[in-house]
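Chemist: sequence plus predicted model, see below.
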Amino acid sequence: QVQLVESGGGLVQPGGSLRLSCAASGNIFSINAMGWYRQAPGNQRELVATITDGGNTNYADSVKGRCTISRGNAKNTVYLQMNSLKPEDTAVYYCNARLRRIASTQWVDYWGQGTQVTVSS
């Protein structure tokens, strides 16, 4: 079993900041990359930011300069620091991890349950 548990969402005023956290647990052999995606009502799920095991990062153009993705020392956690938040950042944010389970040779994507971020005055 593998679980990804997100935390840190909530209601924030425009211009404010939030820090999302995600921890992966279970029978994990190795994690290649972790990331954050979001889905607003009526929209498809879209990439926000990803980070590889080697520390390479990738950001959506819409969040560049406002968000920073990082991984914890244990490498099974990922964080998203979001600054200068805008109403259009309102969405459910999902944590993603591409990982191999113990005794498996396949890399598989796992998802968290999602955490709501609402930016509103």
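Modeler: Looks like it came in fine.

Chemist: surely Leu47 touches Tyr37?
Modeler: Yes - counting by C-beta atoms under 8 Å, Tyr37 is a contact partner of Leu47 at 5.6 Å. (C-beta placed from N, C-alpha, C; glycine too.)

Chemist: who has more neighbours, those two?
Modeler: Neighbours were counted for Leu47 and for Tyr37 using other C-beta atoms under 10 Å; Tyr37 has more, 21 against 15.

Chemist: contact partners of stretch 70-89?
Modeler: Stretch 70-89 has contacts (C-beta atoms under 8 Å, 6 or more residues apart in numbering) with 12, 14-25, 28, 31, 34-36, 38, 40, 48-49, 51, 53, 55, 62-63, 66-69, 93, 95, 97, 117, 119-120.

Chemist: can you tell me how far the residue sitting furthest away from the middle of the chain sits from Gly26?
Modeler: Relative to the mean C-alpha coordinate of the chain, counting by C-alpha atoms, centre = their mean, the farthest residue is Ala103 (26.0 Å). Distance of Ala103 to Gly26, given as C-beta to C-beta, to the nearest Å: 13 Å.

Chemist: now Thr90
Modeler: Where Gly26 is concerned, Thr90 sits at a distance of 30 Å (C-beta to C-beta).

Chemist: who's more crowded, the two?
Modeler: Higher neighbour count among Thr90 and Gly26: Thr90, with 17 against 13, using other C-beta under 10 Å.
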